[in-house]
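[1] Okay, here's the prediction I keep looking at, along with the sequence it came from:
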Amino acid sequence: MEKSASSSSLGPLGLDIAQSFFKPIQHAAPPSPTKRHAKISVIGAGNVGMAIAQTILTQGLIDEIALVDVNPDKLRGEMLDLQHAAAFLPRTKILASVDYSITAGSDLCVVTAGVRQGSGESRLSLVQRNVKLFSRIVPQLARYSPDTILLIVTNPVDVLTYVAWKLSGFPSNRVIGSGTNLDSSRFRFLIADHLDVSAQDVQAFIVGEHGDSSVAIWSSISVGGVPMLSFLENQQIVFTKETLENIHKEVIESAYEVISLKAYTSWAIGYSVASLARTILRDQRRVHPVSILAKGFYSIDGDDVFLSLPVQLGRSGVLGVANVHLTDEEAHRLRDSAKIIADVQSQLNVTNLVFSDNNSSIAS
């Protein structure tokens, strides 16, 4: 399938009306060399990929978005559907192709493509199949956009972010997983719901694995700048550890609930990734809990593992890791989470993968 975009040519003779519709300004200065053309590529046009693309388009973040998928008909349909909304969106060039050359010059590449888990298939088997898929995706992105930032969304996101880092050869600050950014949003929502306040006034982090071994950092939660646990203790408001654990459990189970009801999650991850894209492309230097190379932080040592920590993001990717206070129990749980991820990685043969950067087959 050829890449496609809107054309300014009309009629059987291909009349180019763009050149005649407006009278040019004489002796006009060329565009400023400091003007930046922002481009994002989304790999995988499934429910998650399209939710991300749609949300990013509404934010006015970019000048161009490229969609890549293995299914040319669905891909063209999605592209046209978004192009037809042009009158209601900030002006953005929307392209689509099965050929990775369309991603050339991307500032940010978002990978959502992944194989689906088969009936009775083990998690390790699923990971191994996604590793093979990534060996066909990541080298192509690195080839066409050698200065891009990779943002991995495909699950299991922590292990696959590690795989993307290995396959790309990029410095670790330019390979990021969406990690627990969404988990933390769910966490903030549940706390806000309990307290009847805006979730934007709640500062709370889930760190570690994007999965069952994630860690809720209760000790650092604040609401409107007020440390929550300290406030409850000072006001002699009784709460139990079980109450806190139940809220964390609800965070973990919330994605499963959504999937059981509508078969997939999409909108929340779309907004989550769009918030990361905004922070990165606008160099906002906000702190997000995302999956990064964690070795050397919070006493995590041994194997190279990617897991979520509260990090400052900007135009060059990961700028630094926030020094959030952890209790001894929280720190212990975080290290346990790192070990769980390392155990999965130890069963993968990433370094000896054989791949060809001419193979552009992917699955959504």
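    In hand now; what should we look at? The structure displayed is predicted, hence computed values, not measured ones.
[2] Grab the nearest non-local neighbour of residue 347.
    Leaving aside its sequence neighbours, residue 347 sits nearest to residue 124 (Cβ to Cβ, 6 or more residues apart in numbering; 5.9 Å). All C-beta atoms are positioned from the backbone trio N, CA, C, and that covers glycine.
[3] I figured that neighbour was touching residue 346, is that so?
    No. Judged on Cβ atoms under 8 Å, residue 124 makes no contact with residue 346 at a distance of 10.7 Å.
[4] give the contact list for the spatially closest residue to residue 224 that is not a sequence neighbour.
    Closest residue in space to residue 224, ignoring its immediate chain neighbours: residue 201 at 5.0 Å, by Cβ to Cβ, 6+ apart. Residue 201 is in contact with 192, 223-224, counting by Cβ atoms under 8 Å, 6 or more residues apart in numbering.
[5] can you pull out the strands in the stretch 51-200 of the chain?
    In the stretch 51-200 of the chain, the strands defined using DSSP state E, counting those that start in this stretch lie at 64-68, 93-97, 108-111, 149-152, 175-177.
[6] With mean pLDDT, distance to residue 84 and mean neighbour count added, can I get those in CSV?
    Below are the strands of the stretch 51-200 of the chain laid out as CSV (pLDDT from 0 to 100; distance: least, Cβ to Cβ, whole Å; neighbours: other Cβ atoms under 10 Å):
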stretch, mean pLDDT, distance to residue 84, mean neighbour count
strand 64-68, 98, 15, 25
strand 93-97, 97, 10, 21
strand 108-111, 98, 22, 27
strand 149-152, 98, 27, 27
strand 175-177, 97, 32, 29
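[7] mind checking the end-to-end distance for stretch 300-314?
    24 Å (Cα to Cα, to the nearest Å).
[8] Columns distance to residue 259 on top of the strands of the stretch 51-200 of the chain, output as a markdown table?
    Output for the strands of the stretch 51-200 of the chain, formatted as a markdown table (distance: least, Cβ to Cβ, whole Å):
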| stretch | distance to residue 259 |
| --- | --- |
| strand 64-68 | 24 |
| strand 93-97 | 27 |
| strand 108-111 | 20 |
| strand 149-152 | 20 |
| strand 175-177 | 20 |
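[9] Figure out which of those strands is closest to residue 196.
    Minimum separation from residue 196 across the strands of the stretch 51-200 of the chain (Cβ to Cβ) falls at strand 175-177, 32.8 Å.
[10] Which elements pack onto that closest one?
    Other elements packing on strand 175-177 under the criterion 3 or more Cβ pairs under 8 Å, 6 or more residues apart in numbering; DSSP states H and E are strand 149-152, helix 157-168, strand 287-293, strand 306-314, strand 317-321.
[11] Now do the last one against strand 306-314, angle only.
    Orientation of strand 317-321 against strand 306-314 (axes from the mean of the first three to the mean of the last three Cα atoms, to 10 degrees) gives an angle of 100 degrees.
[12] Ok, the longest one next?
    Helix 157-168 runs at 70 degrees relative to strand 306-314, counting by the same axes, to 10 degrees.
[13] what packs against helix 157-168?
    Packing partners of helix 157-168 (3+ Cβ pairs under 8 Å, 6+ apart): helix 123-144, strand 149-152, strand 175-177, strand 287-293, strand 306-314, helix 328-345.
[14] winner for burial among these?
    Greatest average neighbour count among the helices and strands packed on helix 157-168 goes to strand 175-177 (a mean of 29), per mean count of other Cβ atoms under 10 Å.
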